[in-house]
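Undergrad: Have a look at this prediction, sequence included:
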2 protein chains.
Amino acid sequence: MAGPARPTLARVAERAGVSVSTASLAFSGAGPISPETRDRVLRAADELGYTGPNPLGRQLRSGRSGIVGVVIGDQLKRSFRDPVAVQVLDGLVSTLGAHGLGVLLIPGIPGHDPASRVVDPLIETAAMDVGVLVWGVGRQDPTLDAFQRRGVPVVIGEGRLVPGAPAVTLDDRVGTAQVVQHLVDLGHERVAEISLPLDSSGAQGPVDAARLAQVDRTPTANRLAGVRDAVDPVVTWETEASLVEHGKTAALALLSAPDRPTAIVAHSDLLAGGAVLAAHELGLDVPGDVSVAGFDGLDLPWLAPTVLTTVRQPLAEKGERLGEAVIGLLAGEAPEEVRLPVELSVGTTTGPPARQSRTTA
Amino acid sequence: MAGPARPTLARVAERAGVSVSTASLAFSGAGPISPETRDRVLRAADELGYTGPNPLGRQLRSGRSGIVGVVIGDQLKRSFRDPVAVQVLDGLVSTLGAHGLGVLLIPGIPGHDPASRVVDPLIETAAMDVGVLVWGVGRQDPTLDAFQRRGVPVVIGEGRLVPGAPAVTLDDRVGTAQVVQHLVDLGHERVAEISLPLDSSGAQGPVDAARLAQVDRTPTANRLAGVRDAVDPVVTWETEASLVEHGKTAALALLSAPDRPTAIVAHSDLLAGGAVLAAHELGLDVPGDVSVAGFDGLDLPWLAPTVLTTVRQPLAEKGERLGEAVIGLLAGEAPEEVRLPVELSVGTTTGPPARQSRTTA
DNA sequence: GCGTCGCCTCGAAACGATTCGAGGCGCCGG
DNA sequence: CCGGCGCCTCGAATCGTTTCGAGGCGACGC
């Protein structure tokens, strides 16, 4: 039923009465060929049902697969629930697509087994010209190791810099410091912090100094540092992932504690959005009773008309820059680090602390 | 700086003092080989920095790329904002990954140009063993045409059945009818409908019979039909995409109209969630003043503690079934259609219509 | 009329691996 | 001691394309 084997360029050439190399020219257009010959070849191809050169042959010849492996985050499902990842990916796909490159999705963690050194088998076996690690690399990153072992060049987004690998990073420490300073300037002294995951352990809850010292993710480390550039948070609550429900859980705990903070700074807008929901659920006014600030600059339609105070980062541009870094790498350019700026954006979720909150203490 | 060309299996074999075929056996393990010989080959590989067989060579030989092209929806960025797509994709990636297959992301519409017959160039050029059209195909689908022209077999999710192509479909007509019947049973007579896009035109707003006749997407057509199996909606509002903000816009219009409906049925949970937000913004109680029902069975943390009345569909399973269909296709099995069940799930957003809304009319 | 220049076309050599059948060598049994 | 049987190893063919240099042939200029 599957019909005879798919016709090959050689058969087309044979039928058209030309050599294989000439037939190749007819399709690729790379080289001089007379219009009549080309037509004859194309007609022969049509008659045989030949639909163009087999990519596999071309790839072997050129040594390039045209495929860029992209490691998004830990689990695919969870990562894509974060609009941040989605927007970056969109920018990346567009930029690479314009250069004829495709994106192969690689789950960061294969099973449900974080902290294992097992990586997705695709990293070992799939044909890839470049690997992109969008969300940084840890101190001892199995994924990075696997790419390097295979000799696949990598591009790093937001991570520890890797020698020889281009990187796209963010001014997030400065941005975080700015938004927290904004809270300080408003008069806040008891600022609680909802943190991104410190590593891939899946831990959550309030953290102590010892745990803080274990931080193994660059964006998290930068934002932790940024917060501390402006204020010493009364408590830091680690989350399992940057998702609304985790921000909500964290804020419910923080806001129910005896010495309630007057402001919460979250490492991401999704976490901050969850914190706003928690405040509402507890009957607290934002920013009357508690101010909330985030990071990312997402558009959260379900939070409207509330507008988060946040730090805007150029998400699509981050994806585009990553794409350009990939292109540059393939073109043999020297790797460089691109640092993206951020911008404080004051919304309706921050204001001066309430008087009574001080007396309540 | 790039070092000498990457070593090849032939050089490893040479160094180990064995033939290329034996060296191949040492890596693939497919065939008898003595432990000593294998060790010698592996040692030679190590010394040369050979990191395993080049996938490109293997692929050409086997005629398989191990890559499955997945067309998600219209625009990548927009599609991934919908958890429905994300969950299906997750199931698909997991299932394919377990069989050593990788997912290549293909934007449904290349530029910002819907209704054009241009498809993403990847479909024409990238090496793929199978193509998956997750969200169905239209009457004259350029993407489907492109795959078929190239001779790449396809798997269809939720779409018009294509001869020879396996499909994974949904009992969505029945499910939709059930949830609307639930509204009818509660006593609702004026039911408004918020519809998924009828085609890729990007149109939005109330639709008339002529427009309804133009529907060119299977899931949309099924749900429109399902609604009508139970009631004749007072108005149908078409949206541009299944996103919260579009549901909200639609509901704001529907609920501000003079003869306000007592219930709204949306074709998706995201649209329904937006409708709930709209009701709240207008000061309407749900379900006191208006009932809202959706479709999908999503977990919407930002809507808590409200729980949507909806029709639950097995999203991850849909992805898994699509994956299995791909595997089956590659194994040469006869294509078949898998139909997934749905289940009505009553939440807190539906109740009997208020007395006064009738008098208001 | 002959030389030279161009435009096309062609053959052959990669690209890097897998696979299949043939065959060598050692060991065991008769 | 010889025949036969296994276990390994090898050589060669194959996958489908691109590319490079060579060469043929016609035309134009001197």
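TA: Looks like it arrived, so ask away. This one's a predicted model, so the numbers in the text were calculated from it and none came from an experiment.
Undergrad: Could you use CA atoms for every contact and neighbour count after this?
TA: OK.
Undergrad: how about the strands in chain A?
TA: Using DSSP state E, the strands of chain A run over A:67-71, A:102-106, A:130-133, A:154-157, A:167-170, A:191-195, A:205-206, A:235-238, A:263-266, A:291-293, A:310-312, A:337-340, A:343-345.
Undergrad: and the fifth one, what does it pack onto?
TA: It refers to strand A:167-170. Contact here means 3 or more C-alpha pairs under 8 Å, 6 or more residues apart in numbering or on different chains; DSSP states H and E; on that basis strand A:167-170 packs against strand A:154-157, helix A:315-330, strand A:337-340.
Undergrad: And the contacts of that strand?
TA: Under the criterion C-alpha atoms under 8 Å, 6 or more residues apart in numbering or on different chains, residues A:155-159, A:161, A:313, A:318, A:321-322, A:325, A:335-342 lie in contact with strand A:167-170.
Undergrad: go with 7 Å
TA: Contact partners of strand A:167-170, identified using C-alpha atoms under 7 Å, 6 or more residues apart in numbering or on different chains, comprise A:155-158, A:161, A:321-322, A:336-341.
Undergrad: now the first one
TA: Contacts made with strand A:67-71 from outside it, assessed by C-alpha under 7 Å, 6+ apart, are listed as A:101-108, A:128-134.
Undergrad: List buried residues within the contacts of strand A:167-170.
TA: Among the contacts of strand A:167-170, the ones that count as buried by 16 or more other C-alpha atoms under 10 Å in any protein chain shown are A:155-158, A:161, A:321-322, A:338, A:340.
Undergrad: The closest residue to chain B within the stretch 251-361 of chain A - how many residues pack around it?
TA: Of all residues in the stretch 251-361 of chain A, residue A:301 sits closest to chain B, at 5.8 Å by C-alpha to the nearest C-alpha. The local packing of residue A:301 (other C-alpha atoms under 10 Å in any protein chain shown) involves 16 other residues.
Undergrad: In space, what's closest to it - neighbours in sequence excluded?
TA: residue B:245 (5.8 Å; C-alpha to C-alpha, 6 or more residues apart in numbering or on different chains).
Undergrad: Return the distance of the one you found relative to DNA strand D.
TA: From residue B:245 across to DNA strand D, the span is 46 Å (C-alpha to the nearest atom of the strand, to the nearest Å).
Undergrad: Please apply the same query to residue A:8.
TA: Counting by C-alpha to the nearest atom of the strand - residue A:8 and DNA strand D are separated by 4 Å.
Undergrad: Quick check: chain neighbours aside, which residue is closest to that residue?
TA: Residue nearest to residue A:8 in three dimensions, not counting chain neighbours: residue A:50, with 7.1 Å by C-alpha to C-alpha, 6+ apart.
Undergrad: Can you name the residues bridging to the closest residue to chain B within the stretch 51-200 of chain A?
TA: Of all residues in the stretch 51-200 of chain A, residue A:104 sits closest to chain B, at 4.5 Å by C-alpha to the nearest C-alpha. Counting by DSSP bridges, residue A:104 is bridged to residue A:69, residue B:104.
Undergrad: Tell me who's in contact with it.
TA: Contacts of residue A:104 (C-alpha under 7 Å, 6+ apart): A:67-70, B:102-105.
Undergrad: Just give me the closest of the residues you listed to DNA strand C.
TA: Nearest to DNA strand C among the contacts of residue A:104 is residue A:67, at 16.1 Å by C-alpha to the nearest atom of the strand.
Undergrad: Can you redo the strands of chain A as a markdown table, where the extra columns are distance to DNA strand D and mean pLDDT?
TA: A markdown table is the format used below for those (distance: least, C-alpha to the nearest atom of the strand, whole Å; pLDDT from 0 to 100):
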| stretch | distance to DNA strand D | mean pLDDT |
| --- | --- | --- |
| strand A:67-71 | 17 | 96 |
| strand A:102-106 | 18 | 96 |
| strand A:130-133 | 20 | 96 |
| strand A:154-157 | 24 | 96 |
| strand A:167-170 | 29 | 96 |
| strand A:191-195 | 50 | 98 |
| strand A:205-206 | 55 | 96 |
| strand A:235-238 | 52 | 98 |
| strand A:263-266 | 51 | 98 |
| strand A:291-293 | 53 | 98 |
| strand A:310-312 | 43 | 98 |
| strand A:337-340 | 31 | 96 |
| strand A:343-345 | 45 | 98 |
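Undergrad: Many thanks, we can stop here.
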